[in-house]
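Colleague: dropping a prediction and its sequence here:
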Amino acid sequence: MQQGANRRLSNIKTRTETGFDFVASKLNIMTPMGKKIQKETRPFFPGEEELLNEELDKVQALKNVAESNPKTIDKIHEIFHCLKDISGSIDRAGRDSLTIVELFEVKSLLLYMESLKGIVSDIEQTGKEHQTMEIADEMNNESRSIPEEFSLLDVSEVLNLLDPKKDRINTFYIYDEYSKKLTTYRARKKQLDVEIRKLQKTERDKIKEKHGIVLTPKFDIVIPKSSEQMAIAKSIKELEQVAEDYSSVTFALALIAETEELVREREELNLKIEEEEDEVRGRLSAKIGEHKDRLLTNLNKMGRLDYVLSKALFAIEHELTRPNIIEEHRISISEGRQLQVEEALRKQGKKYTPISMELTEGVTCITGANMGGKTISLKLSGLIPIMTQYGFFVPCEKAEIGLSNFVQILIGDSQSVERGLSSFGSEMEELKEIFDRAQDRSLIMVDEIASGTNPMEGLALTKSIVDFLLEKPYITLLTTHYETVTNNPKVRNMQVRGLADADFRKLNSELSLANRRKRIDIIGKYMDYRLMPVEPGRSVPKDALNIAKMLGLPGEVIEKAETYIKQGEKE
């Protein structure tokens, strides 16, 4: 576990809003141990870059193995699918006698451990062979072996104890090999069973010959109450009534004196066998207890392998790339994708537009119309760093990530009805929490701050918040409608490209033929959601007015709005 195990990188809302919880829920973790490890996993913090790179090395190695040995991964998954978490039974062994079922579960686990150990050894051997071959391919110099961390400890000694015949069959009982007494008792019991059955067959044959009543192999018979055989059966002293319902009576062969004596001896033997088996279970449990640490270590290794392998397979499935961990507190993302939004768009038959951004300590603002995807860019800026700090590969072509001590997002309708707070009031409370908890190397993302109050106060408050954050050692990314916030030369401004490069003739032609419901989708199709830096003094596209115009707002309204914008720019 990482050194920062007791520290919190981000709160639940941030992990949810950025899409990290969505990513975590998509991992195909198959074992209860793997799910437990995922739940207990904590992020890596500044100062732990080396540990994080070691984790990413393991993901890379398993990714290489999965890409070059897919059938081997299937074999591993077959084992994982069968695993149970019996750490409680293993931990109890040595103090208490395990039940037959528990001993069976321990043996099953040991068989799976032995199989997995063999698979890992085969992969390691294959990896060594690849390293010695002179093949000029992209993966030639990368590890194709499962990392040493996942190599299981040898458990053959305890497995041989639970499998004295070494047949490696997934069954268990108290073998005769465990006790000479047990061997003797069971042999005599078997002999008694034969003698008792022989006597019972003799009595059954006599009843059939004398009375014409045929007993089943279990030496009983069910006779309808209306049958003529009822009176005959009741008159036979060698039969006794054992059950009755509304329509029939069940008779069974009664014990004769000679049979009764043998049955009594068999019952006494059963008690001795049970006592001896209890003693054997105690001895076996004590032996398992001696190997407890080894078995629990292997369980943890299997859980870790399950968890890290699921991250590697997720990276393959979603075309993720390994982030480059840097010392500087900086975030650089090239062609990044917000996976939750990407999946939603794919289900609608739409394509996601990758986003690139460069964030350094200070304040960066994203401006643009509501349809421009500013909020998605904000979420992406949090998703990739959080995924990185949890040891994931990330959804982009390239990423350079400097680790943060604190990551939090303020987004959406934060209204708290239960506490009687307005949306704005709750937003201010969340902002205060961010300011209280933030420290050096923080990543703070704020979406449309102060949009829930009147525009004049909202603009003033936004400017003041920006001024405050500019003096802090944080990476801050804000989305805002208040473009004058970016007049501060210290504030970096990025603008959603939006409709800047759109073919308006073609767009207007499509809109003219579309019904009201489809117009928004058509405009969305022409939107360019990529970000572009805006240099000081450069005019930016007014997509809000363009969209309003295309959706049919009166021309005089648009012209008046443009006049007001020009007046505001002069002021």
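Modeller: Cool, the structure landed.
Colleague: find the helix or strand that I174 is a member of.
Modeller: Element membership of I174 [criterion: DSSP states H and E] is none; it lies in no helix or strand.
Colleague: tell me how far it lies from F45.
Modeller: Spatial separation of I174 from F45 under the definition C-beta to C-beta, to the nearest Å is 52 Å. Bear in mind the C-beta positions are built from the backbone N, C-alpha and C, glycine included.
Colleague: and for N487?
Modeller: Counting by C-beta to C-beta, the gap from N487 to F45 is 36 Å.
Colleague: tell me which of these two has more neighbours.
Modeller: F45 (20 against 13; other C-beta atoms under 10 Å).
Colleague: the more buried one is in contact with R8, isn't it?
Modeller: No: using C-beta atoms under 8 Å as the test, F45 is too far from R8 to be in contact (10.3 Å).
Colleague: how about the helices of the stretch 301-450 of the chain, start to end?
Modeller: Here the stretch 301-450 of the chain has its helices, by DSSP state H, counting those that start in this stretch, at 339-347, 374-389, 423-437.
Colleague: weakest of the ones you listed in terms of mean pLDDT?
Modeller: Note on these: helix 423-437 shows the lowest mean pLDDT, a mean of 84.
Colleague: list the helices and strands that one packs on?
Modeller: Under the contact criterion of 3 or more C-beta pairs under 8 Å, 6 or more residues apart in numbering; DSSP states H and E, helix 423-437 touches strand 406-410.
Colleague: flag the shaky bits of this structure, pLDDT-wise.
Modeller: Where the chain drops to pLDDT under 70, the residues are 1-6, 125-144, 369-372, 412-422, 450-455, 497-530, 532, 535-571.
Colleague: so where do the strands sit in it?
Modeller: 220-224, 239-244, 248-253, 324-326, 330-336, 355-360, 362-367, 398-402, 406-410, 442-447, 474-479, 492-498, 528-533 (DSSP state E).
Colleague: can you lay out those strands as JSON lines showing mean neighbour count and distance to H318?
Modeller: Formatted as JSON lines, those follow (neighbours: other C-beta atoms under 10 Å; distance: least, C-beta to C-beta, whole Å):
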{"stretch": "strand 220-224", "mean neighbour count": "16", "distance to H318": "65"}
{"stretch": "strand 239-244", "mean neighbour count": "14", "distance to H318": "64"}
{"stretch": "strand 248-253", "mean neighbour count": "18", "distance to H318": "65"}
{"stretch": "strand 324-326", "mean neighbour count": "16", "distance to H318": "19"}
{"stretch": "strand 330-336", "mean neighbour count": "20", "distance to H318": "12"}
{"stretch": "strand 355-360", "mean neighbour count": "18", "distance to H318": "16"}
{"stretch": "strand 362-367", "mean neighbour count": "22", "distance to H318": "25"}
{"stretch": "strand 398-402", "mean neighbour count": "20", "distance to H318": "14"}
{"stretch": "strand 406-410", "mean neighbour count": "25", "distance to H318": "21"}
{"stretch": "strand 442-447", "mean neighbour count": "24", "distance to H318": "22"}
{"stretch": "strand 474-479", "mean neighbour count": "25", "distance to H318": "24"}
{"stretch": "strand 492-498", "mean neighbour count": "23", "distance to H318": "24"}
{"stretch": "strand 528-533", "mean neighbour count": "18", "distance to H318": "19"}
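Colleague: out of those strands, flag the one nearest A315.
Modeller: Ranking the strands of the chain by distance to A315, with C-beta to C-beta as the measure, places strand 398-402 first at 12.8 Å.
Colleague: and the angle for the closest one with strand 442-447?
Modeller: Our comparison of strand 398-402 with strand 442-447, counting by axes from the mean of the first three to the mean of the last three C-alpha atoms, to 10 degrees, yields an angle of 120 degrees.
Colleague: for strand 398-402, C-alpha coordinates in PDB please.
Modeller: Once non-C-alpha atoms are left out, strand 398-402 reads as follows in PDB (Å, rounded to 0.1, in the frame of the first residue of the first chain):
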ATOM      1  CA  LYS A 398       0.100  11.600 -24.600                       C
ATOM      2  CA  ALA A 399       0.100  12.900 -21.000                       C
ATOM      3  CA  GLU A 400       2.600  14.600 -18.700                       C
ATOM      4  CA  ILE A 401       1.400  14.700 -15.200                       C
ATOM      5  CA  GLY A 402       2.900  16.300 -12.100                       C
END
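Colleague: parallel or antiparallel, which strands does it pair with?
Modeller: According to DSSP bridges, strand 398-402 has the following sheet partners: strand 324-326 (parallel), strand 330-336 (antiparallel).
Colleague: what's the closest of those to V106?
Modeller: strand 324-326 (41.2 Å).
Colleague: give me the neighbour count for R42.
Modeller: If you count neighbours by other C-beta under 10 Å, R42 ends up with 16.
Colleague: next, find the distance separating it from R7.
Modeller: From R42 to R7 the distance is 7 Å (C-beta to C-beta).
Colleague: and if you look at E483?
Modeller: 37 Å.
Colleague: again with Y482
Modeller: Shown here: Y482 relative to R7, a distance of 34 Å by C-beta to C-beta.
Colleague: more crowded one of those two?
Modeller: Y482 (22 against 12).
Colleague: which residues touch the more buried one?
Modeller: G458, L459, T462, K463 (C-beta atoms under 8 Å, 6 or more residues apart in numbering).
Colleague: hmm, try it at 7 Å
Modeller: L459, T462 (C-beta atoms under 7 Å, 6 or more residues apart in numbering).
Colleague: next: M230.
Modeller: I223, V249.
Colleague: and the gap between it and R492?
Modeller: Using C-beta to C-beta, one obtains 101 Å as the distance from M230 to R492.
Colleague: check D21 too.
Modeller: D21 is 29 Å from R492, by C-beta to C-beta.
Colleague: could you do V534 as well?
Modeller: 9 Å.
Colleague: out of the strands of the chain, nearest to G303?
Modeller: That would be, of those and by C-beta to C-beta, strand 324-326, which comes in at 25.0 Å.
Colleague: what does that closest one rub up against?
Modeller: Contacts for strand 324-326 (C-beta under 7 Å, 6+ apart): E49, L52, N53, A399, E400, I401, G402.
Colleague: as a quick check, tell me the outermost residue of this structure.
Modeller: K210 (71.8 Å; C-alpha atoms, centre = their mean).
Colleague: and that one, what does it touch?
Modeller: Listed by C-beta under 7 Å, 6+ apart, K210 has no contact partners.
Colleague: over to L215?
Modeller: R204, I207, I221, L253.
Colleague: do I have it right that F393 meets E319?
Modeller: No: between F393 and E319 there is no contact under C-beta atoms under 7 Å: 9.3 Å.
Colleague: more neighbours, the two?
Modeller: F393 (23 against 11).
Colleague: so how far is D167 from the more buried one?
Modeller: According to C-beta to C-beta, F393 stands 43 Å off from D167.
Colleague: same question for M445.
Modeller: From M445 over to D167 the distance is 60 Å, taken as C-beta to C-beta.
Colleague: now swap in L305 and tell me
Modeller: Relative to D167, L305 is positioned 27 Å away (C-beta to C-beta).
Colleague: which of those two has more neighbours?
Modeller: Neighbour count, other C-beta under 10 Å: between L305 and D167, L305 has more, with 26 against 7.
Colleague: double-check that one against E149; I have them as touching.
Modeller: No: using C-beta under 7 Å as the test, L305 is too far from E149 to be in contact (8.3 Å).
Colleague: excluding chain neighbours, what is closest to D91?
Modeller: Of all residues not flanking D91 in the chain, K292 sits nearest, at 6.5 Å (C-beta to C-beta, 6 or more residues apart in numbering).
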